[in-house]
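1. Next one to model:
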Amino acid sequence: MHLKVKYTPVLVNRPEKVRDFLVDMLGFSFCQQTTLVDGQEGIIVGENDTAESCFLLLKGTEAQKTCPSPIIINTEDCLRDCHDLQNRGINIIKKPEYTDLGLTAEIADTDGNRYTLLEERIYSENL
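-> Numbering: from 1, shown residues only. Next up, the predicted model:
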């Protein structure tokens, strides 16, 4: 069996605003608007329109809206991207710092949704 993650559900207050932020400010592509089995509307956004892995933006419940989960986005150069995003007026809420996974920083959109930029690094004691 060969299984892959295709859609990562992300619960947000206003999916359309998050779509616009991901597309207009971060350079992702709008893939499609969709209706799930339970009738819930969703918005699919990916790296491009044929992305292997996509965000499925869903409207969260009241309880979920008060504690938005960070959306983790990989980057090749966290410092460069933070600088570029800050120059474009995006709020850097947590400056770049080293973590076990690599170099991370956190940004936010105007709705308060948080995005973690992750430049993955392998730290090895064998070096």
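2. Counting by contacts, list what the longest helix seen in the chain packs against.
-> Counting by DSSP state H, the longest helix found in the chain is helix 78-87. Judged by 3 or more C-beta pairs under 8 Å, 6 or more residues apart in numbering; DSSP states H and E, helix 78-87 is in contact with strand 91-98, strand 102-108, strand 114-120. (C-beta placed from N, C-alpha, C; glycine too.)
3. what does the longest one contact?
-> Think strand 91-98. 78-79, 82, 85-86, 103-108, 114, 121 (C-beta atoms under 8 Å, 6 or more residues apart in numbering).
4. Which members of the residues you listed are the farthest-apart pair?
-> A108 and R121 (23.6 Å; C-beta to C-beta).
5. More neighbours: those two, which one.
-> A108 (17 against 13; other C-beta atoms under 10 Å).
6. contacting residues around that one?
-> I90, N91, I93, R114, Y115.
7. May I have the beta-bridge partners of it?
-> Taking DSSP bridges as the rule, A108 bridges to N91, R114.
8. measure it to L117 for me?
-> Computed as C-beta to C-beta, to the nearest Å, the A108 to L117 distance reads 12 Å.
9. same thing with C78?
-> 5 Å.
10. Mutual contacts of the two, please.
-> Joint contacts of C78 and L117 (C-beta under 8 Å, 6+ apart) are T104, A105.
11. domain assignment for the protein?
-> Annotated domains of the chain cover 1-60, 67-127 [automatic domain parsing].
12. Need the ones you listed in CSV (columns: mean pLDDT).
-> Formatted as CSV, those follow (pLDDT from 0 to 100):
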stretch, mean pLDDT
domain 1-60, 87
domain 67-127, 88
